[in-house]
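Visitor: No sequence on hand, only this structure:
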């Protein structure tokens, strides 16, 4: 049986902590971002519309996600948490339909029962139903390659040939595949002092993949990811978290050189990229037509009606923490500032260097590339 690892895995830890967090913190401080924006000395990003290709939203928090996005220039949100069943997908699509043109939903693979011919037929049929119902893409979580197993109990490699029919179906249906392979390299190293994500691993020890008796090496999963993309030239892939290797932008650049069907997003890896700004800038400038803006914001919903948003692993963010998140992200992309506070300190608190991308490159990353990939109307003309 396959163990499905999705954003819900992180959310479970967060939800447990939420029970002792006040409602005021969870409600994102009354959406005070516009007032914050007016404070003297605060960074004001370029007035370029944005498509966020990487959020995790529930049907009851979508309106909140879009409200927050509007305050930050985000016109369209791609929700990668459409679910691994028809019952999960249906309410997500219904919520998106209430905001025409502003929310797109990707469904995910159900790895339970993988990977025989019956499973292949089931998953291909579900993709076809999802596409007909309005799903726009396929989101593959990092369970594939790490914890998913087949009927014999063996690990299912990310490039396992038995998965080919599902990926080929996504290509045939015109559904981009957003794929999360592995995790930060620090999660595959022993936790504790010296690990650059020590604070995050201390707070969430279940994020560690360091036990080689249970999990493959990071390099194994990354090579499987590259082979998967290469095997399906007619399928468009989005390698999330900057191609799943933000620690080595040059290697991501080499993948982009040889895999024209690969895009990458910036979600959740600004701290890594900001510590390698020169290399990251070089790669982005060379492939500015295949880099997408993303945040990896994760929205949580409690049964008692409380809700909130997580920016990076950790407790739900209040207005001050969200302000730091967006300021740091936009300053990183838009300026050459040499000492930008990390937008997500728990992921490594060192200051970052900015990329200072030209206006035309920012426009591609913020919205034009996503418009082309997802068939959206130009946001700067609406």
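Guide: Thanks, I have it. Since this is a predicted model, take the numbers as computed values, not measurements.

Visitor: what ranges of the protein fall below the confidence cut-off?
Guide: Applying pLDDT under 70 to the chain flags residues 1-41, 313-315, 382.

Visitor: 50 - rerun?
Guide: For the chain, the stretches with pLDDT under 50 are 1-36, 38.

Visitor: Okay, strands next: where are they in it?
Guide: In the chain, the strands defined using DSSP state E lie at 50-56, 74-79, 103-108, 137-140, 177-179, 237-239, 262-265, 291-292, 297-301, 307-310.

Visitor: export the ones you listed to JSON lines and tack on mean neighbour count and distance to residue 350?
Guide: For glycine as for every other residue, the C-beta is placed from the backbone atoms N, C-alpha and C. Shown next, in JSON lines, are those (neighbours: other C-beta atoms under 10 Å; distance: least, C-beta to C-beta, whole Å):
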{"stretch": "strand 50-56", "mean neighbour count": "26", "distance to residue 350": "23"}
{"stretch": "strand 74-79", "mean neighbour count": "24", "distance to residue 350": "27"}
{"stretch": "strand 103-108", "mean neighbour count": "26", "distance to residue 350": "32"}
{"stretch": "strand 137-140", "mean neighbour count": "28", "distance to residue 350": "30"}
{"stretch": "strand 177-179", "mean neighbour count": "24", "distance to residue 350": "28"}
{"stretch": "strand 237-239", "mean neighbour count": "27", "distance to residue 350": "24"}
{"stretch": "strand 262-265", "mean neighbour count": "25", "distance to residue 350": "22"}
{"stretch": "strand 291-292", "mean neighbour count": "26", "distance to residue 350": "23"}
{"stretch": "strand 297-301", "mean neighbour count": "23", "distance to residue 350": "22"}
{"stretch": "strand 307-310", "mean neighbour count": "22", "distance to residue 350": "21"}
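
Visitor: Compare those and report which one is nearest to residue 371.
Guide: Closest to residue 371 of the strands of the chain, according to C-beta to C-beta: strand 50-56, at 7.0 Å.

Visitor: What pairs with the closest one, parallel or antiparallel?
Guide: Note on strand 50-56: by DSSP bridges, its sheet partners are strand 74-79 (parallel), strand 297-301 (parallel).

Visitor: would you list these in TSV and tack on distance to residue 149?
Guide: As requested, the strands paired with strand 50-56 are exported to TSV (distance: least, C-beta to C-beta, whole Å):
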stretch	distance to residue 149
strand 74-79	27
strand 297-301	26
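
Visitor: So which of those is nearest residue 186?
Guide: With distances scored as C-beta to C-beta, the stretch of those nearest to residue 186 is strand 297-301 (19.2 Å).

Visitor: which residue ranges form the helices in the stretch 51-200 of the chain?
Guide: Here the stretch 51-200 of the chain has its helices, by DSSP state H, counting those that start in this stretch, at 62-71, 86-97, 117-133, 164-172, 198-203.

Visitor: of those helices, which approaches residue 238 most closely?
Guide: Proximity of the helices of the stretch 51-200 of the chain to residue 238 was assessed by C-beta to C-beta; the nearest stretch is helix 164-172, lying at 11.6 Å.

Visitor: residues in contact with the closest one?
Guide: Residues from elsewhere that reach helix 164-172 (C-beta atoms under 8 Å, 6 or more residues apart in numbering): 109, 120, 123-124, 127-128, 137-138, 176-177, 228, 231-232, 234-236.

Visitor: Buried ones among the residues you listed?
Guide: With burial judged by 16 or more other C-beta atoms under 10 Å, the buried subset of these is 109, 120, 123-124, 127, 137-138, 176-177, 228, 232, 235-236.

Visitor: quick check, nearest of these to residue 320?
Guide: Ranked by distance to residue 320 (C-beta to C-beta), the buried ones among the contacts of helix 164-172 are led by residue 137 at 33.4 Å.

Visitor: which residues does that closest one form a beta bridge with?
Guide: On the basis of DSSP bridges, residue 137 is bridged to residue 106.

Visitor: ditto for residue 237
Guide: When bridges are called by DSSP bridges, residue 237 pairs up with residue 177, residue 262.

Visitor: which residues touch it?
Guide: By C-beta under 8 Å, 6+ apart, the contact list for residue 237 reads 176-179, 228-229, 259, 261-263.

Visitor: Need the max-distance pair from these.
Guide: So, these by C-beta to C-beta: farthest apart are 178 and 259, at 15.2 Å.

Visitor: ok, the buried ones among the contacts of helix 164-172 vs residue 299, which is closest?
Guide: Looking across the buried ones among the contacts of helix 164-172 and measuring by C-beta to C-beta, the closest to residue 299 is residue 137, at 18.6 Å.

Visitor: Would you check how far apart the closest one and residue 170 are?
Guide: As for residue 137, its distance to residue 170 is 8 Å (criterion: C-beta to C-beta, to the nearest Å).

Visitor: now residue 300
Guide: Distance from residue 300 to residue 170, by C-beta to C-beta: 28 Å.

Visitor: before we move on, what about residue 263?
Guide: Between residue 263 and residue 170 the computed distance is 14 Å (C-beta to C-beta).

Visitor: Same question for residue 264.
Guide: Counting by C-beta to C-beta - residue 264 and residue 170 are separated by 18 Å.

Visitor: got it, and residue 97?
Guide: 22 Å.

Visitor: Look at those two and report which has more neighbours.
Guide: Shown here are residue 97 and residue 170; by other C-beta atoms under 10 Å, residue 170 has more neighbours (24 against 11).

Visitor: Find the nearest non-adjacent residue to the more buried one, please.
Guide: Distances taken as C-beta to C-beta, 6 or more residues apart in numbering put residue 138 closest to residue 170, at 4.7 Å, once the chain neighbours are dropped.

Visitor: and the one you found, what does it touch?
Guide: Contact analysis of residue 138 by C-beta under 8 Å, 6+ apart lists 106-109, 127, 166, 170, 175-178.
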